[in-house]
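Q: Here's a sequence, model it:
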Amino acid sequence: MATYLNPPLVFGPVHSRRLGISLGLNLMPGDGKICNFDCIYCENGSNTERKTSTAYPKAAELVDALEKKLREMAAKDLLPDVITLAGNGEPTANPEFPQVVNAVANLRNQLAPKARLAVLSNGTLAHVPRIHDALLQLDDNIQKLDTVDMPYIRLVNRPVGSYDVQRVIEALAAFHGRVIVQTAFMKGSYRGQDLDNTTPKYVQPWLEALRYIKPQSATIYAISRGTPVEGIVHVGPEVLDRIKSQVEALGIPCTVGY
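A: Numbers count the residues shown, from 1 in each chain. Next up is the predicted model:
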């Protein structure tokens with residue numbers, strides 16, 4: 001199925017199902033993907049398909065490109081609702097992630113003070129003190145947690161290297177509510193194994209993790225874009241609405257991307 005790479009440095013604005021008018025900042029190279037996950041549903045394709053030897057962009061490059069884009073948008077009286085740190089892989093893996101956050105926050109305050117700052121992260125580095133501190137500077141600290149089941153994580157998220165889901169849960173709880181948990185729900189099959197994570201087997205332990213993390217909100221969504229593999233089946237609104245109700249029963253606000 002069709003996948004794509006985000007262009008270098010700045011991309012968009014695009015209308016995000018979750019964030020509104022979003023201007024993306026690509027903390028990864030523009031010609032490939034660098035990620036410590038290799039999710040079977042990643043819209044940027046698989047790690048193997050998208051290999052690159054290009055270096056991470058520097059904070060100064062990213063901020064210069066962002067300033068130029070924001071000034072162009074301001075001239076058209078069309079500033080973004082949110083500036084999203086994301087790109088072709090895991091943005092917190094950029095060695096200058098804290099510097100990027102500081103510089104982007106300063107620039108936002110000058111040129112687009114109403115825009116929120118967001119990150120789309122897989123949570124794998126949230127326990128690292130300098131990353132944790134940088135994430136706390138963002139308005140929307142969005143961290144992935146598709147499940148707490150390690151066999152399912154190995155099947156779907158396919159971590160590169162070691163991965164401890166309990167450590168991720170503890171790291172998200174350490175934000176003391178200043179985190180948004182993002183979860184993809186799907187059905188279908190991959191390599192003969194069931195992908196349905198909407199059943200009680202997966203949902204109930206995930207809800208218990210949410211209860212422990214106490215996030216400011218949760219975002220759940222169905223896979224609706226191109227993926228690197230065949231066999232993923234879109235989850236219908238009635239299923240997502242049922243899960244949303246279960247999240248809200250915990251006292252946690254929940255938004256849905258159908």
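
Q: for the chain, what spans make up the helices?
A: Secondary structure of the chain by DSSP state H: the helices cover 59-75, 97-111, 129-135, 150-156, 165-173, 200-213, 237-248.

Q: for the first one, the distance to its chain's centre please.
A: Between the centre of helix 59-75 and the centre of its chain there are 22 Å (Cα atoms, centre = their mean, to the nearest Å).

Q: helices or strands next to it in the packing?
A: Applying 3 or more Cβ pairs under 8 Å, 6 or more residues apart in numbering; DSSP states H and E, one finds that helix 59-75 contacts strand 9-16, strand 20-26, helix 97-111. The way it works is simple: take the backbone N, C-alpha and C, and place the C-beta from them, glycine included.

Q: Not counting its own residues, what contacts it?
A: Counting contacts by Cβ atoms under 8 Å, 6 or more residues apart in numbering, the residues outside helix 59-75 that touch it are 8-10, 13, 23, 25, 27, 79-80, 83, 96, 99-100, 103-104, 107, 111-112.

Q: The residue nearest to residue 241 when sequence neighbours are not counted: neighbour count?
A: Excluding the flanking residues, the one nearest residue 241 by Cβ to Cβ, 6 or more residues apart in numbering is residue 256, at 6.9 Å. The number of residues packed near residue 256 is 18, by other Cβ atoms under 10 Å.

Q: go on, residue 190?
A: By other Cβ under 10 Å, neighbour count at residue 190 equals 17.

Q: which residues touch the residue lying closest to it once chain neighbours are set aside?
A: Among residues not flanking residue 190 along the chain, residue 231 sits closest, at 5.1 Å (Cβ to Cβ, 6+ apart). By Cβ under 8 Å, 6+ apart, residue 231 lies in contact with 188, 189, 190, 195.

Q: In space, what's closest to the last one - neighbours in sequence excluded?
A: Going back to what we said before, that points to residue 195. Spatial nearest neighbour of residue 195, excluding adjacent residues (Cβ to Cβ, 6+ apart): residue 188 at 4.7 Å.

Q: Same question for residue 3.
A: Once flanking residues are discounted, residue 3 sits nearest to residue 45: 3.9 Å by Cβ to Cβ, 6+ apart.

Q: Just the buried residues of the contacts of helix 59-75.
A: 8-10, 13, 23, 25, 27, 79-80, 83, 96, 99-100, 103-104, 107, 111-112 (16 or more other Cβ atoms under 10 Å).

Q: didn't the residue nearest to residue 195 look like it was pressed against residue 235?
A: No - Residue 188 is beyond contact range of residue 235, at 9.5 Å (criterion: Cβ atoms under 8 Å).
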